[in-house]
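**Q** Here is a sequence together with a model predicted from it:
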Amino acid sequence: MRETTYLLSEQYHRISKPTTGDGRVQTAPIPYSPPPTVYGLPQYLPLTESHPTGQGCTNPYGKSKFFIEEMLKDLASSSQKWSIIALRYFNPVGSHPSGEIGEDPNGIPNNLMPYISQVAVGRRKKVQVFGNDYDTKDGSGVRDYIHIMDLAQGHVTALDKLLCDKPLSGFKAYNLGTGTGYSVFEMIEAFSKASKRTIPYEVVGRREGDIASSYCDASLAKTELGWEAKYGLDRMCEDTWRWQSKNTLGYRKIFY
Ligand SMILES: O=c1ccn([C@@H]2O[C@H](COP(=O)(O)OP(=O)(O)O[C@H]3O[C@H](CO)[C@H](O)[C@H](O)[C@H]3O)[C@@H](O)[C@H]2O)c(=O)[nH]1
């Protein structure tokens, strides 16, 4: 998110090109995955799919995802041949249960979970908690974390819906999340339990563009797609730790 504020044009290009290419998309069923930043500053929680989008988007990343959703809506209303599902997924974390495939961000992780796991494995000294004065259960930011295996299954379910004999017509958005919000302190504690390691942290100032809380109502995906998240926070942390502890340096061979 921080990076995208500075690399605006590259970000728009990167995000929009694979979505519509040169504007002449050849295939009719499209699964698209915008993050919850399309909702902007939450007007209510939990976020439902009918929450306004695009209002108060705090960064170019969220705006670009919103623009693309609008383009896809226009596309969907231009012809009945279009079947488009937008999966608005919340904060993806976790790894493949084998511990062979996991998250390995370039440089210093921007997101909380990979940062915590790199502290746990000894690659970084301590987690910086971005603010403890939000209006949340313990003052730190609250998010709806979802295991990547659930997320993957959500995409398979959406594709099944798009490719079945009677696919939906037009544009439809679904939230993918667990519906439960966890704070930064709860994440640190849960990861500490999974890794059996102490995770040092320090509270610093708020990060620009962050909101206090974001979590969703994922009941529409359950009702209409038959999808719901199976994995809870403990499993997200256990699988992340299995990957991180087996691959201290991620996919790379040297520290950087
Ligand atoms: O080092 C860190 C990193 C994050 N946080 C806090 O942890 C929470 C989660 O932050 P993340 O950066 O992991 O995720 P965000 O909610 O900021 O969401 C961003 O990352 C998500 C992926 O995990 C999605 O891409 C989303 O659209 C994008 O805005 C926030 O309260 C943030 O302030 C910290 O305290 N310290």
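**A** Here it is on my side, so go on. In this text the structure is predicted, and so the values were computed from the model without any measurement. Residues are numbered from 1 along each chain as shown.
**Q** So which residues of this structure form helices?
**A** For the chain, helices defined by DSSP state H occupy the ranges 2-6, 8-20, 60-78, 112-120, 148-163, 184-195, 219-220, 233-246.
**Q** Can you tell me the number of residues neighbouring the nearest residue to T157 once chain neighbours are set aside?
**A** Spatially, and ignoring its direct neighbours in sequence, T157 is nearest to W227 (4.4 Å; Cβ to Cβ, 6 or more residues apart in numbering). To be clear about C-beta, it is placed using only N, CA and C from the backbone, and glycine gets the same treatment. Neighbourhood size, W227 [other Cβ atoms under 10 Å]: 23.
**Q** and the gap between W227 and the ligand?
**A** 19 Å (Cβ to the nearest ligand atom, to the nearest Å).
**Q** Now do whatever residue of the chain ends up closest to the ligand against Q244, distance only.
**A** Residue of the chain nearest the ligand, by Cβ to the nearest ligand atom: G141 (2.0 Å). Separation of G141 from Q244 (Cβ to Cβ, to the nearest Å) stands at 22 Å.
**Q** How about P114?
**A** For P114 relative to Q244 (Cβ to Cβ), the value is 8 Å.
**Q** So the two - more neighbours on which side?
**A** Per other Cβ under 10 Å, whichever of P114 and Q244 has more neighbours is Q244, with 26 against 20.
**Q** Report the spatially nearest residue to the more buried one, omitting neighbours in sequence.
**A** S117 (4.2 Å).
**Q** what residues are up against the residue nearest to R124 when sequence neighbours are not counted?
**A** Leaving out its chain neighbours, the residue that sits closest to R124 by Cβ to Cβ, 6+ apart is Q118, at 4.7 Å. Contact analysis of Q118 by Cβ atoms under 8 Å, 6 or more residues apart in numbering lists 109, 124, 244.
**Q** same deal with L45?
**A** By Cβ under 8 Å, 6+ apart, the contact list for L45 reads 181, 213-215.
**Q** give me that answer again for 7 Å
**A** When contacts are counted by Cβ atoms under 7 Å, 6 or more residues apart in numbering, L45 touches 213, 215.
**Q** still on that earlier bit, count the residues that sit near the residue of the chain closest to the ligand.
**A** 24.
**Q** my read: it touches V184, true?
**A** Yes: assessed by Cβ atoms under 7 Å, G141 is found in contact with V184 at 5.5 Å.
**Q** Assess the claim that N59 and R207 are in contact.
**A** No: between N59 and R207 there is no contact under Cβ under 7 Å: 10.9 Å.
**Q** Just want to know which of these two has more residues nearby.
**A** N59 (18 against 13).
**Q** And S117, how close does it get to S192?
**A** S117 sits 11 Å away from S192, going by Cβ to Cβ.
**Q** With L41 instead?
**A** For L41, the distance to S192 - Cβ to Cβ - is 31 Å.
**Q** Tell me which of the two has more neighbours.
**A** Neighbour tally, L41 and S192, criterion other Cβ under 10 Å: the higher count belongs to S192, 17 against 12.
**Q** That one contacts P200, doesn't it?
**A** No: S192 is not in contact with P200 according to Cβ under 7 Å; the separation is 10.1 Å.
**Q** Could you list the low-confidence segments of the stretch 1-150 of the chain?
**A** 1-35, 58 (pLDDT under 70).
**Q** what's around N132, how many residues?
**A** 17.
**Q** What sits closest to it if chain neighbours are left out?
**A** G139 (3.9 Å).
**Q** can you tell me how far the one you found sits from R88?
**A** 27 Å.
**Q** Mind checking which of the two has more residues around it?
**A** Using other Cβ under 10 Å as the criterion, G139 and R88 rank with R88 on top: 26 against 16.
**Q** which ones are touching the more buried one?
**A** 34, 36, 38, 173-176.
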